[in-house]
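**Student:** Pasting the sequence and the predicted model now:
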Amino acid sequence: MNPRPSGSPLKRTVAASEAQEQSFTLWQPIVIILAVLIGAAWFLAAEHEIAGQPGFPLDDSWIYATFARNLATGHGYAFNPGEQIAGATGPLYVFVLGLLYLTFHDVIWPAKVLGILCLCASSLVLYRAVHRILPGRRFAPLLAGLLLALSPPLLWGSLAGLELPLYLLLACLGIDCYVREKWTWAILCWALGVWLRPDGLFLVLLGQFVRPKISIRNSIGPLAAAGLIVGTYLVFNYVVGQRILPTSVGIKAHLGGNVGGNEWSMLKQWADLWGVLPQGRVGLHVPLFLAGIIVGSYLCLRVWPALVAYCLLFPFVFALFGTSGGQFGRYIVYVVPFGVLLALVGFDWASRRLLRRNAIAGLILLGFGCLAWEGYTARKAGIGYGWNVENINGMQRFIAESTRKATSPGDTVAVNDVGAMGFFSDCYVVDLVGLVSPQRPFPESLRLYHPKYMAIFPDWFEKFATIDWKTNQVVFYDADSTYKYSPFLGVGLKRNTISSRNTMYIYERMGRDETGVGRVPIVAH
């Protein structure tokens, strides 16, 4: 098949659809919405059965919740009330979540419902985009919407209390505008996404410069939209944090380093996302997806090059900054709608080329196979999600709620996982990693703030550790050795699925000559 825009069947089909695009069949969007609701219901049922109480599968989610609550209650764009800092990766999500908290005085269920609604909307928008690309193919758009709706990492992300589902929706809206050659609207959607994910700037650049029919005249609108929205984002971060990007970007992302190792690791994570070379489990998506993506990329490269480039290149551009794909691939999962669209184009072409008269039947059988695969992996992912929530509730949230009972409001605590502690403890929280506190050497933070308690993974700070010969325990001193921090309790996880370590230890402040406990009890959840 010749992919050139002027003569390709794909391009001619899209051009013909401008005058005769069919109206959507009502039952198909309903089926897509039901798929999202059924998938989300399974995840929530697993959360209820395993965790026992609602929560989030990552401590990072509670960072957003803390920012949103402080914003809604008049304490500013801050993690510690009144202390302004650009500590949230996605400011737009803070504003949305803050509005929800102001309305409902809760953050858990509003965030989950928002995520479900965003996944429903994203699936419907992708359905619409594929309907545009493959008009007259009644099953292909439905299959695209269902594959996105039941994608295990997207179901996980929709309930995680993160910016993921909102960014996904903006990405899908941009896709739909892009395939309709509404360049300014596509860039507008993708530029708004930068307010949720700074790495969305790569998609903005692709949409601006990697597209057909590009000219000075049709570039002015998109460039103005991108400049205004992204420029405002950079100014906002500078005003609240004295730097143009959130502090989380500076902490987690570093250009250079072991580029080869990072790229190889990312290649394995990207392949795992598409079911190839899964790491000790069944792949998240059926491996045949990758073949469809390759064929679809060839067919779409000259028609919609930005979609191809983002799907294939984004993870590897992301890896240049030394970061991983994150839990459940949450940092690179935004390529899924792009991959689903390209795979459907590839599947449709292959079925018509190879099966001819039986093309529709072949595509239906292939679709049911892909959906069955996703259904199976979503079932396992739902159970994993339940354990993720249980882990965060059992460790970070448990420690934060216990700290609230043992302290007075306004007391200072130091931690390496700040989210739940900030939301539940009623304490001033010192972030020893530097996401929501000024980044300082570990002993200097202890000297400056004199926290009453400290909850950490000790090996993260092992170069500052000392063995107390009286108790044979690992202890820490502040910079001027005025105070010693000695462990008195450990909180462990019986089945750790998400936390960086199996046990977090709580340290108490004492005089340097005082003696701590000789044996630290472990509370296991």
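**Tutor:** Sure, I can see it.

**Student:** what bits of the stretch 1-150 of the chain have low per-residue confidence?
**Tutor:** 1-24 (pLDDT under 70).

**Student:** rerun that using 50 as the cut-off
**Tutor:** 1-7, 15-23 (pLDDT under 50).

**Student:** ok, so what distance separates Ile175 from Cys300?
**Tutor:** Distance, Ile175 to Cys300, by C-beta to C-beta, to the nearest Å: 12 Å. Any C-beta I mention is one placed from the backbone N, CA and C, and that applies to glycine too.

**Student:** who has more neighbours, those two?
**Tutor:** Neighbour count, other C-beta atoms under 10 Å: between Ile175 and Cys300, Ile175 has more, with 30 against 24.

**Student:** Just the mean pLDDT for the helix or strand that contains the more buried one, thanks.
**Tutor:** Under the criterion of DSSP states H and E, Ile175 resides in helix 164-179. For helix 164-179, mean pLDDT is 97.

**Student:** now do stretch 405-416
**Tutor:** Looking at stretch 405-416 alone, the average pLDDT works out to 94.

**Student:** And it, what's buried?
**Tutor:** Within stretch 405-416, the residues scored as buried using 16 or more other C-beta atoms under 10 Å are 407, 411-416.

**Student:** Could you dump those into TSV with secondary structure and distance to Trp460 added?
**Tutor:** Shown next, in TSV, are the buried residues of stretch 405-416 (DSSP: H, G, I helix; E, B strand; the rest coil; distance: C-beta to C-beta, whole Å):
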residue	secondary structure	distance to Trp460
Thr407	coil	23
Asp411	coil	23
Thr412	strand	19
Val413	strand	16
Ala414	strand	12
Val415	strand	11
Asn416	coil	6
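
**Student:** Now render these as JSON lines, adding distance to His131.
**Tutor:** Shown next, in JSON lines, are the buried residues of stretch 405-416 (distance: C-beta to C-beta, whole Å):
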{"residue": "Thr407", "distance to His131": "57"}
{"residue": "Asp411", "distance to His131": "57"}
{"residue": "Thr412", "distance to His131": "56"}
{"residue": "Val413", "distance to His131": "53"}
{"residue": "Ala414", "distance to His131": "54"}
{"residue": "Val415", "distance to His131": "49"}
{"residue": "Asn416", "distance to His131": "48"}
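
**Student:** Quick one: the helices in the stretch 51-200 of the chain, in order.
**Tutor:** Ranges of helices in the stretch 51-200 of the chain, per DSSP state H, counting those that start in this stretch, are 59-72, 91-104, 108-133, 139-149, 152-158, 164-179, 183-194.

**Student:** overlap in contacts of Ile175 and Cys300?
**Tutor:** Leu307 (C-beta atoms under 8 Å, 6 or more residues apart in numbering).

**Student:** thinking again about what came up before, between the helix holding Ile175 and helix 139-149, how many degrees?
**Tutor:** Angle of helix 164-179 versus helix 139-149, following axes from the mean of the first three to the mean of the last three C-alpha atoms, to 10 degrees, is 150 degrees.

**Student:** do you know which of the helices of the stretch 51-200 of the chain lies nearest Ile251?
**Tutor:** Closest approach to Ile251 among these is made by helix 59-72 (12.1 Å; C-beta to C-beta).

**Student:** Alpha carbons only: can I get the closest one in PDB?
**Tutor:** Coordinates of each C-alpha in helix 59-72 appear next as PDB, following Å, rounded to 0.1, in the frame of the first residue of the first chain:
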ATOM      1  CA  ASP A  59       1.700   8.100  48.100                       C
ATOM      2  CA  ASP A  60       2.100  10.700  45.300                       C
ATOM      3  CA  SER A  61      -1.600  10.900  45.000                       C
ATOM      4  CA  TRP A  62      -1.800  12.300  48.500                       C
ATOM      5  CA  ILE A  63       0.600  15.000  47.500                       C
ATOM      6  CA  TYR A  64      -2.000  16.300  45.000                       C
ATOM      7  CA  ALA A  65      -4.700  15.800  47.700                       C
ATOM      8  CA  THR A  66      -2.800  17.900  50.200                       C
ATOM      9  CA  PHE A  67      -2.200  20.700  47.700                       C
ATOM     10  CA  ALA A  68      -5.800  20.700  46.600                       C
ATOM     11  CA  ARG A  69      -7.100  20.800  50.200                       C
ATOM     12  CA  ASN A  70      -4.800  23.700  51.100                       C
ATOM     13  CA  LEU A  71      -5.900  25.600  48.000                       C
ATOM     14  CA  ALA A  72      -9.600  25.000  48.600                       C
END
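
**Student:** what about the helices in the stretch 251-400 of the chain?
**Tutor:** Taking DSSP H, counting those that start in this stretch as the test, the helices found in the stretch 251-400 of the chain are 259-273, 288-300, 305-319, 336-354, 359-392, 398-406.

**Student:** For Pro192, which non-adjacent residue is closest in space?
**Tutor:** Pro isn't right for residue 192; it's Leu. Once flanking residues are discounted, Leu192 sits nearest to Leu170: 5.4 Å by C-beta to C-beta, 6 or more residues apart in numbering.

**Student:** Please apply the same query to Arg211.
**Tutor:** Ala306 (5.7 Å).
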